[in-house]
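Student: sharing a model that was predicted from the sequence below.
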Amino acid sequence: MEFDLLVVGELNADVIVECGDVRPSFGQVEEIVEDATIVLGSSGAITACGAARLGARVAMAGVVGDDWLGAFVLDRMRERGVDTRYCLRRPGRRTGMTVVLGARGDRAMLTFPGEIGRLAAADVPAAALASARHLHVSSYFLQYDLWDGLPTLLKDFPGTTSIDPGWDPSRSFDHGLPALLPQVHYLLPNEQEAERIARAAGGAPACGLVVKRGGEGATLNLPDGTALRVDAPVITPVETTGAGDSFDAGFLATLLRGGTYADALRVASACGALATRRPGGTAAQPDLAEALELANSLTVTDLQETPQ
């Protein structure tokens, strides 16, 4: 196999604005903020870059416009070792952009979709699927052109699979995802997303469930009864964009390297925490040595053996 990981996902840039104590006001009111920068965004690209940083061989399939922002997104991924041969540039179309307003550890996000949701299953070449050991789908609820064809794509893919659903702007947390989950090896939501997906599905998802719980660490529950919890590292974040995507990268890269589930949870938790040291999703992503140094200090608890 040429690639360990193929990420099928949305692509966009992020405009990170650190507001501090300032709140935006309409009425043509201008305010001065602490910092602002344009960086590589999107769950898929951040996961791909994080896994490549850890030593995995990674390819990305996604769509951008033919504007300067599309070139910016593809260039940033290539710089971080991600193969972009399966990414499309659509003539006359605009690349998506998210404005992230940070405020003392909290954030609000405003997204212009552009081409974010315009990747269809037919746009992912058979050669891409045949070249990878694992298929990861990012931001399921934003990728509306992928919904119809994804069940067949997952069914035909011979390796392992995962989905990070992301937040659903429609608030339904359905769009075919609950019915799709029996075909998926790992679902990687945060706690709020997990609760809403379970509600839409009428119960726990029928797949491996890895839930990111912020300062409470993360949990893993598998259909065979395996249940693990990892601590969250003690770290003071600078900016949290993409922390969950770096977590995904650590989890998947570790499993693909032959690690145990406990190993994967430790590295994932370390990667998610370390990625918050600088603004933007990729600037502070750790290499393998950095991730392992922190991961080795984290405790994984077997929840089956823990008294209730």
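Tutor: Arrived safely.

Student: look up how far residue 163 lies from residue 187.
Tutor: Look at residue 187 and residue 163: by CB to CB, to the nearest Å, they are 6 Å apart. From N, CA and C alone the C-beta is placed, and that goes for glycine too.

Student: give me the common contacts of those two.
Tutor: When contacts are counted by CB atoms under 8 Å, 6 or more residues apart in numbering, residue 187 and residue 163 are jointly contacted by residue 181.

Student: quick one: which of the two has more around it?
Tutor: Taking other CB atoms under 10 Å, residue 187 and residue 163 do not tie; residue 163 has more neighbours (27 against 24).

Student: where does the protein dip in pLDDT?
Tutor: For the chain, the stretches flagged by pLDDT under 70 are 305-308.

Student: 50 - rerun?
Tutor: 308 (pLDDT under 50).

Student: not counting sequence-adjacent ones, nearest residue to the residue nearest the centre of it?
Tutor: The centre of the chain sits closest to residue 245, judged by CA atoms, centre = their mean, with a distance of 3.2 Å. Using CB to CB, 6 or more residues apart in numbering and skipping residues adjacent in sequence, the residue nearest residue 245 is residue 46, 3.8 Å away.

Student: try residue 23
Tutor: residue 103 (7.5 Å).

Student: number of nearby residues for residue 89?
Tutor: Neighbours of residue 89 under the rule other CB under 10 Å: 17.

Student: re earlier: report the contact partners of the residue nearest to residue 23.
Tutor: With CB under 8 Å, 6+ apart, residue 103 has these contacts: 19-21, 23.

Student: and if you look at residue 270?
Tutor: If you count contacts by CB under 8 Å, 6+ apart, residue 270 has them with 233, 250, 286, 291-292, 294-295, 298.

Student: surely it forms part of a helix?
Tutor: Yes - applying DSSP: H, G, I helix; E, B strand; the rest coil, one finds residue 270 inside a helix.
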